[in-house]
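Engineer: what follows is a predicted protein model with its sequence.
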Amino acid sequence: MNIFKFNSFLRFLRHHKAYTAIEVFGLSISLMFVILIIVYARQELTTDRFHRDAERIYMLGNEEMNMSAYGIGERVKERYPEIEDYCYVTGCILFAGSDEVPVVIENKKWNTSVSFVNGNFFSFFSFPLVVGNEDYVMSNKSDVVISESYGRKVFGRESPIGKTLVMNDTLSFVVNGVMKDIRNSVIKYNDILVRTDNLRNFRSDMDGNTFNNALSTNLFLKEREGSSLASKAEDMRDYFKGLYWFYEREVVETVQFIPITEAYYAHQDGYMYNKGDKKLVLILLTVGLLILIFAVINYINLTVAQTGFRAKEMATRSLLGSSWWELFSRMIGESTVLTFISFLIGTLLAFAARPYAERILDTSIDLYGMLTPVNILLVVVAIILIGFITGFLPAVLISKTKAVDVVKGGFRKKTKMVFSRFFITFQNGITIALIAAAFVMITQINHLIKAPLGYNTKNIIELSVMELQSKERIMTLANEFRQLSQVSLVSTPAGTPFNGGNNNTIEFEGRSIGFQTLTVDSAFMEMMGIEIIRENHVSSDKAFYLSEYALKEENLPLDAHTFSYYEPDVPIAGVFKDFQLNNILHGKRPVLIQIKKNGRFISVEYSGTGTG
């Protein structure tokens, strides 16, 4: 008998359409989720492992953050022979929370995300180039490399090589390379890579001599083969204490070299590079495993429920001379075929659902990248394994049942009374547990969403307007908003609770205090509903309003009139009630507010009625 002839099985599926639909649909949907989760988890757990020198590349950091200062790379490479090379990766407009700048290409303006890197970027890392080679691209100060997707968006099918880009109205750059979109890396995707030689034209604070902007860049170091960079951590810390104010003031205490393959999940904070959540990946893998287990149990349960119909066929085959192995193999083969069909449908569904999954997970899921010979072989093995698991129990039940039991009805009664009850009870138990877990998660998420932040959040829009590049333009746009009937208040602050403002660290009584500073106007205080709990009626432009926590950091009473901020006896304009910076997951930080017109954002409060 040829066990791979499934005419009777196909006839059975046609006659039991509801059973077929439930089996195939249920298993296909389950496999869709499993495919998306596995591809996502594989990407997350293999971040930056594709670099040819991955085992020798480190991020320079400390116990708090994996960030450094621009200019440190040159110093440490010169001092430590263990360092073969270094590479900066930094953004353009950190304060605005965005790396976008206006770029003019053939008289058309594009808002473009820009990252500044060393000219050795493509020889240091292993990001693939679509056009160009790593020894040639970015060899000149005016050379830039654009991403493949940005090239398609701006130039279409036309070659971008040799095209001129104008940034900041006056700076011209020439495209001499196209790279694959950066993915699966701690380094963020950006439309354009510009050499760090041009950085001061965009950010005057990036001084490579004074290191004023201490957390302004990611510094990657490549360890020389046969060397131990980790052995130099203490010596480098001592060196920084005489060079780098961040260590001089003991804001941080250690130097740490974080392997690039581990930086994605490192505990240190960072805002200029991609960070992952290993707990989320493990949770999703657990969910995927549970979904697959449920699908298998559901398949077994439904198949066992239908074994009474198949048992007569198998009993007949047994009487006609089919061996136990032939019957067993036939059932396993049938479940494998159904699994294969479900996998094909699940794969199509995964491609269809990918955009939604990417939005939820805030990442890209490269399903096409998984189509490699090794992965295809693993999929074949997985299909055979799932087919065997799902078909094993029905195959054992049917192949070992005597024909007389089938005729008398004892077999059907046994499957319904014993096996179906067991699987249904097992499924219901897991379902109840998962519903309880989901309820807890929903309650927690609802709390995070609705937790009070200490300021108004409704009917307020924040716009980053730094691309306007002049205070006059910003004020003109703000006045345009004021003319709209739907707008009740307009503010032009430099820093908001949403983005955290600017950090300024001072030395106070032998310890460092990092104040988050917002420079705002009076309309901002009203718009945000900042609660003033003490007003000192100070008119000086140098005065600051302090949060309750800021007072506490300097051990000051509520009625204090001055505090230390770079210099002693800085006037206190008043004290306001603490509010939450960024999102609810961020810890409490001391906040200063200075009321002064300084537009880097436009905040608009609207009535909630009408359109505009």
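Structural biologist: Happy to help now that I have it.

Engineer: give me the element the residue lying closest to V131 once chain neighbours are set aside is part of.
Structural biologist: Excluding its sequence neighbours, the residue lying closest to V131 (CB to CB, 6 or more residues apart in numbering) is V178, at 4.1 Å. Bear in mind the C-beta positions are built from the backbone N, C-alpha and C, glycine included. If you go by DSSP states H and E, V178 is part of strand 171-179.

Engineer: next SSE after that strand?
Structural biologist: strand 192-195.

Engineer: which residues touch that next one?
Structural biologist: 103, 112-119, 121, 138, 141, 143-147, 150, 165, 167, 173, 179 (CB atoms under 8 Å, 6 or more residues apart in numbering).

Engineer: and the buried ones among those residues, selectable in ChimeraX?
Structural biologist: Selection of buried members from the contacts of strand 192-195 for ChimeraX, criterion 16 or more other CB atoms under 10 Å:
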select :103,112,113,114,115,116,117,118,119,121,138,143,144,145,146,147,150,165,167,173,179
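
Engineer: what number of residues lie near the residue nearest to V131?
Structural biologist: Burial of V178 is recorded as 21 neighbouring residues (other CB atoms under 10 Å).

Engineer: run through the bridge partners of it.
Structural biologist: Taking DSSP bridges as the rule, V178 bridges to V131, I146.

Engineer: from V251, how far out is it?
Structural biologist: As judged by CB to CB, to the nearest Å, V178 and V251 stand 41 Å apart.

Engineer: who touches the strand holding V178?
Structural biologist: 122, 127-132, 136-140, 142-148, 151, 160-167, 193-194, 198, 201.

Engineer: give me the mean pLDDT for that strand.
Structural biologist: For strand 171-179, mean pLDDT is 92.

Engineer: so how far is Y58 from E234?
Structural biologist: 16 Å.

Engineer: now swap in Y455 and tell me
Structural biologist: Taken as CB to CB, the span from Y455 to Y58 is 40 Å.

Engineer: can I assume F220 sits in a helix?
Structural biologist: No. Assessed with DSSP: H, G, I helix; E, B strand; the rest coil, F220 is strand; it does not lie in a helix.

Engineer: which ones are touching it?
Structural biologist: Residues near F220 by CB under 8 Å, 6+ apart: 57-60, 86-89, 124-125, 260.

Engineer: quick check: nearest residue in space to it, chain neighbours excluded?
Structural biologist: C87 (4.8 Å).

Engineer: which elements pack onto the helix or strand encompassing the one you found?
Structural biologist: For C87, the element it lies in under DSSP H and E is strand 83-91. The contact analysis (3 or more CB pairs under 8 Å, 6 or more residues apart in numbering; DSSP states H and E) places strand 83-91 against helix 72-79, strand 108-117, helix 121-124, strand 218-223.

Engineer: pull the number of nearby residues for L484.
Structural biologist: Residues lying near L484 (other CB under 10 Å) number 14.

Engineer: next: Y70.
Structural biologist: Residue neighbour count, defined by other CB under 10 Å, stands at 25 for Y70.

Engineer: same thing with A352?
Structural biologist: 10.

Engineer: report the beta-bridge partners for L171.
Structural biologist: Beta-bridge pairing for L171 (DSSP bridges): M167.

Engineer: which regions of the stretch 51-200 of the chain lie under the pLDDT threshold?
Structural biologist: Residue ranges of the stretch 51-200 of the chain with pLDDT under 70: 92-99.

Engineer: correction: the chain
Structural biologist: 1-19, 92-99, 205, 208, 270, 304-327, 395-424, 427, 464-470, 597-612.

Engineer: thinking again about what came up before, got the helices and strands packed on strand 83-91 as a markdown table, with distance to I345 columns?
Structural biologist: Below are the helices and strands packed on strand 83-91 laid out as a markdown table (distance: least, CB to CB, whole Å):
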| stretch | distance to I345 |
| --- | --- |
| helix 72-79 | 52 |
| strand 108-117 | 38 |
| helix 121-124 | 41 |
| strand 218-223 | 43 |
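
Engineer: need the winner for burial among those.
Structural biologist: Highest mean neighbour count among the helices and strands packed on strand 83-91 (mean count of other CB atoms under 10 Å): strand 218-223, with a mean of 24.

Engineer: list the buried ones in the helix or strand that that strand is followed by?
Structural biologist: Downstream of strand 218-223, the first helix or strand assigned by DSSP H and E is helix 233-241. For helix 233-241, burial by neighbour count (16+ other CB under 10 Å) applies to 236-237, 239-240.

Engineer: just to revisit the earlier point, the following helix or strand past the strand holding C87 versus strand 171-179: what angle between them?
Structural biologist: For strand 83-91, the following helix or strand on the C-terminal side (DSSP H and E) is strand 100-105. With axes from the mean of the first three to the mean of the last three CA atoms, to 10 degrees applied, the angle from strand 100-105 to strand 171-179 works out at 90 degrees.

Engineer: strand 100-105: how far from the chain's middle?
Structural biologist: Taking CA atoms, centre = their mean, to the nearest Å, one finds the center of strand 100-105 at 25 Å from the center of the full chain.

Engineer: partner strands of it, with direction?
Structural biologist: Strand 100-105 has the following sheet partners, assigned by DSSP bridges: strand 108-117 (antiparallel), strand 164-167 (antiparallel).

Engineer: could I get those as TSV with distance to G156?
Structural biologist: Output for those, formatted as TSV (distance: least, CB to CB, whole Å):
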stretch	distance to G156
strand 108-117	12
strand 164-167	16
